[in-house]
Structures are given as C-alpha cells and as structure tokens.
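Asker: need a structure here:
(one chain, ligands or ions: 1)
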Amino acid sequence: MATGQVIGDVAEDSQPTSEATGFVLSRPSGTVEGRGVRQYFDDPAAARDAFREGRVSALVGALPFDPDGPCSLVEPVELRSTPGPWQNSGGRAAQVRVGEPRYLPADDVHAQNVDRALASIREGAFDKVVLSRRAVLAADSELDPADLLARLVAGDPAGNGYLVELGDPRGGVAHPVLVGSSPEVLVRRRGLHVSCHPLAGSAARGATPDEDTAISEGLLGSEKDSREHALVVDYLRRALEPLCRALEVPERPALTATGQLWHLGTPIVGTLKSPEVTAFDLARAIHPTPAVCGTPSESSLAYLRQVEPERGFYAGTVGWCDAAGDGEWMVAIRCAEVAADRRTVTAHAGGGIVAGSDPALEVAETHAKFRTVLSALRP
Ligand SMILES: C=C(O[C@H]1C=CC=C(C(=O)O)[C@@H]1O)C(=O)O
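Answerer: Numbers count the residues shown, from 1 in each chain. The predicted structure follows:
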C-alpha cells in the first residue's frame, strides 16, 4: 500500500490509535482502505453532524439494513487508495476446514415464507418484498477474514470485495467482521457526478456457454423479473430527482454477470444540484432500496422487521466518504459475518418476491447467491 495515493484530509500530526485496517473496499477500478482509527460512530446521524461541522475528515464502514439500527463507522487516520482490486499483503493463510452449511430457515420453510409473502402481496400489503435466509458454518480453527476477502476478490471476475470490522476497532477486543463481494453499487459520487447501478432480477449461470446465453436471454425477456427490477429503478429515480439537476435513467435494464449469477442492472447517472450533498448523505438518502427491502418502502420494511429481525449489516451498505464528500457505497449483499471468535460464519442471501414469484425457484436463487461466499469458504 506504500505506493498508494492518500485521499481526504489527513492530519500529519495525529497518530493512529489502532493499526487495524478495519475497512477495505475492493473494486475493479481501485481499492480504498482505512488505516488507523480516530473516531468511532454507532449513530449515523452523529457521524453526519460531525462531518458537516468539520470534526471528521473522512468516514468508512457500514450502515445496517434497518435505517434505525446502529451503524459501524470510523474516521480513519488515513484513507488510502490503490489502483485495481485488493491485493492481500498479509499473504495466504492456511486453508481452514469449514463444515456443511446449516440453512436458517430450511429450504421448505423459506418456500413457505415466500408463499406467505405472496399472500400479503395479493392482499395489497405491498408490491414487493425481499426475503432472505442465512447459512451458518462452523470452522475447525480460526478463520482469517482478510484471507476470506482475498478468496472472494480472486473468485470474482470484477475483483469486487469488502471487509468491515463491526465495532470500535480500538481497545484490542475482537469484533465480528463483515466480508463479502457485492456487484451492486448503491451510490458513487465524484464532485457533482453521481451514479448508481441497481440490480434486481436474477438467474443462476449455466453450465455450458450455450446454456448460459439462453439463461441470460430468458432473464432479459422475463416479464416478472423486469417488473421486479423496475420497482428499484423507479424508487431511485424518485429518490435522486430532488437532489439532481440532471438524471439519466435508461428505459430498459441490461444484463450484468457475476461468477454465479446473471442480473438485470440499470446504470443511472446524474449531476447533483449542490456540492454540499456528500456520498455519505446520498447513501443514507437512498438506502434501503427495493433491491433489498421492497415496495412501498414503509410497509415492506415493517414486514421485514417482523419476519427477519436478525438481518444486522446484511443488505445494509458498506463504503467510504472522503473530505471532499466523494465516495462509494456498495449494497452489502453476497456476504458473511465472521463471528468475534473467528470460528462461526453466517452467510446471507435473499431475493425479491413479487406477484408471479415461484417459491421453489426463490429457494434455488438463494442457493445460487450463497455460492459466492460458500465457494470461497469451501473451495
Ligand atoms: C438481496 C440480494 O440480491 C439483490 C440484488 C440483486 C438481485 C436481487 C434479486 O434478483 O432478487 C436482489 O434484489 C442478495 O444477494 O441477497
């Protein structure tokens, strides 16, 4: 990282109170890491106030799925950017053996949950809700979250990956760590330029090139998936319009691929009205989108608070914001929480439910999404 560029306002005189990296965001174009800890925030509004009042020069970390829940944000001593995806300078750890996943809920119960959500949709409670489940795995020795990140980055064709320590990294106490490889950009800001890349509508990749192409064409032509996707795009248009003096929203989604899945994606770009609106402000204004919550936001969020109170940072957002207000926030999907003891890993996967969703296909979709983390944990 020594050759990296330091971004943001870094005070020369302050000493790191912790050497822990604590935050990594690996993207195809570059990697951002937070080094050292100056302040820690579990209240996003306090972090925003500190930033606005100039008491904070940069922020890195995670916001939970529930916008009213506690966050895990750090003002790093240094925000360092390097070109290209993340390289693990720590070297490769010995492979830890990880047991079979235990799914919570089990396949049949998740299918019943989808049925129940479909009944609520028919009754008019909401148009869309994103249901998720967990896969809990036990490791036979301590798992290194940085090594898991390295495997995720190496396994993703675009080199996407993230790692966030969940808790105040000062004080030498081990905290859970969120590690993942998300293909979904919640929001990115460079000066007045703002962009998002919402994804919704999925199909597992095919085993042969011909099958893979046929699956991608089927997804692009699927009326159900287009509807599921359009709800996210409409939400973002409505959320961004008041903040932008120009906004370009393509009429139709395009295909985007990870190693495991095809998705429908829409690249949205805009020009902000005011330079005062930071990347962190934008992330808070937009999150949670219907790609992880539902439509309308209020009723789907109320439903998820009841049926999935344990989401934590899954389906939240992970990212950074520098002193100029620039930054990038990813949707925290395709991820796992490595417990403080480093021996339990909880992966998460979900999918959007709309009228016409098929419970068995939704169960299969969560398995395809779990594969991102499971193939890194159990190669
Ligand atoms: C909620 C997840 O994916 C979202 C992002 C892309 C496609 C999705 C879908 O097709 O349902 C989800 O909206 C997840 O991976 O856990």
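Asker: need the contact list for His348.
Answerer: Ser132, Arg133, Arg134, Ala135, Arg311, Tyr314, Ala315, Ile333, Cys335, Ala336, Glu337 (CB atoms under 8 Å, 6 or more residues apart in numbering). Every C-beta, even on glycine, is put in place using the N, C-alpha and C of the backbone.
Asker: if you look at the residues you listed, which of them are in strands?
Answerer: Ser132, Arg133, Arg134, Ala135, Cys335, Ala336, Glu337 (DSSP state E).
Asker: in the stretch 1-150 of the chain, which ranges drop under the pLDDT threshold?
Answerer: 1-21, 91-93 (pLDDT under 70).
Asker: Just the strands from it, written as ranges.
Answerer: With DSSP state E, counting those that start in this stretch as the criterion, the stretch 1-150 of the chain has strands at 5-7, 23-26, 30-35, 39-41, 59-63, 72-75, 78-83, 102-104, 128-138.
Asker: Counting neighbours, which bits of the second one end up buried?
Answerer: For strand 23-26, the neighbour count (16 or more other CB atoms under 10 Å) marks Phe23, Val24, Leu25, Ser26 as buried.
Asker: Closest one to Arg227 out of these, please.
Answerer: Nearest to Arg227, judged by CB to CB, of the buried residues of strand 23-26 is Leu25 at 31.4 Å.
Asker: And the closest one, how far from the ligand?
Answerer: Distance of Leu25 to the ligand, given as CB to the nearest ligand atom, to the nearest Å: 18 Å.
Asker: what's the answer for Ala174, then?
Answerer: Distance, Ala174 to the ligand, using CB to the nearest ligand atom: 26 Å.
Asker: show me what contacts the spatially most central residue of the chain?
Answerer: Among the residues of the chain, the one closest to the centroid is Ala332, at 1.6 Å (CA atoms, centre = their mean). Shown in contact with Ala332 (CB under 8 Å, 6+ apart): Ala62, Phe65, Tyr162, Leu178, Gly180, Ser182, Phe313, Tyr314, Ala315, Gly316, Thr317, Val318.
Asker: Of those residues, which ones also sit close to the ligand?
Answerer: Contacts with the ligand are made by Ala315 out of the contacts of Ala332, judged by CB under 6 Å from any ligand atom.
Asker: Among the contacts of Ala332, give me the pair with the biggest separation.
Answerer: That would be Phe65 and Tyr162, which, of the contacts of Ala332, are the farthest apart (CB to CB) at 15.3 Å.
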